[in-house]
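Peer 1: Please work out how this folds:
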Amino acid sequence: MLDAEDVRTVALSLPDTTEKVAWSMPTFRVAGKMFATLPEDETSIAVRCPKEERDELVLAEPDKFWIADHEASFAWVRARLAALEDTTELRDILADSWRQAAPTRLLDAHPELGLPRAG
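Peer 2: Predicted coordinates:
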C-alpha cells in the first residue's frame, strides 16, 4: 500500500520540485507553485485537476477520487492512497498535476513528462 513517503519520493523526483509545510501539512511545489498536498492524516493526496476532468474522475472511480468540501470551487481533487494501484499510477497523477503548475521552460525542458503513460 502506498503511503506519504511514496508521495514524497515521487513528487520530489519531478523537476524543480520542493516540499514546504503550509497549513500544517506537506505541500509540493514546482517553481514555487503548489501542485500537490498531503492533507490531514496523510492517507490521501490533493492534486490539481481541471474541474471537468475532476467531476468525471469522481463519477468513474468514487472509491479512489473525491472532492473535499473546501476545495469544491477550485480545480483540485483528492485521491485515496490505499486505492491507487501502484507507484506508476501515483507518478502519473502527480506528474499530471505537476504539468498544470510547471512553467513553460520546465515543460519544454522535460518533454518526457508531457503526457501521461498509456495504460
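
Peer 1: which helices and strands does the longest helix that the chain contains pack with?
Peer 2: Determined from DSSP state H, the single longest helix within the chain is helix 87-101. Applying 3 or more CB pairs under 8 Å, 6 or more residues apart in numbering; DSSP states H and E, we find helix 87-101 packed against helix 4-13, strand 25-30, strand 33-37, strand 44-48. Where C-beta positions appear, they are placed from N, C-alpha and C, glycine not excepted.

Peer 1: Export the ones you listed as TSV, with columns for mean pLDDT, mean neighbour count and distance to residue 111.
Peer 2: Putting the helices and strands packed on helix 87-101 into TSV (pLDDT from 0 to 100; neighbours: other CB atoms under 10 Å; distance: least, CB to CB, whole Å) gives the following:
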stretch	mean pLDDT	mean neighbour count	distance to residue 111
helix 4-13	97	17	17
strand 25-30	97	20	16
strand 33-37	97	21	18
strand 44-48	97	24	20
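
Peer 1: Those into a markdown table, with extra columns for distance to residue 112?
Peer 2: A markdown table is the format used below for these (distance: least, CB to CB, whole Å):
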| stretch | distance to residue 112 |
| --- | --- |
| helix 4-13 | 12 |
| strand 25-30 | 15 |
| strand 33-37 | 17 |
| strand 44-48 | 19 |
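
Peer 1: Return the distance of stretch 39-47 from the chain's centre.
Peer 2: For stretch 39-47, the separation from the chain centroid amounts to 10 Å (computed by CA atoms, centre = their mean, to the nearest Å).
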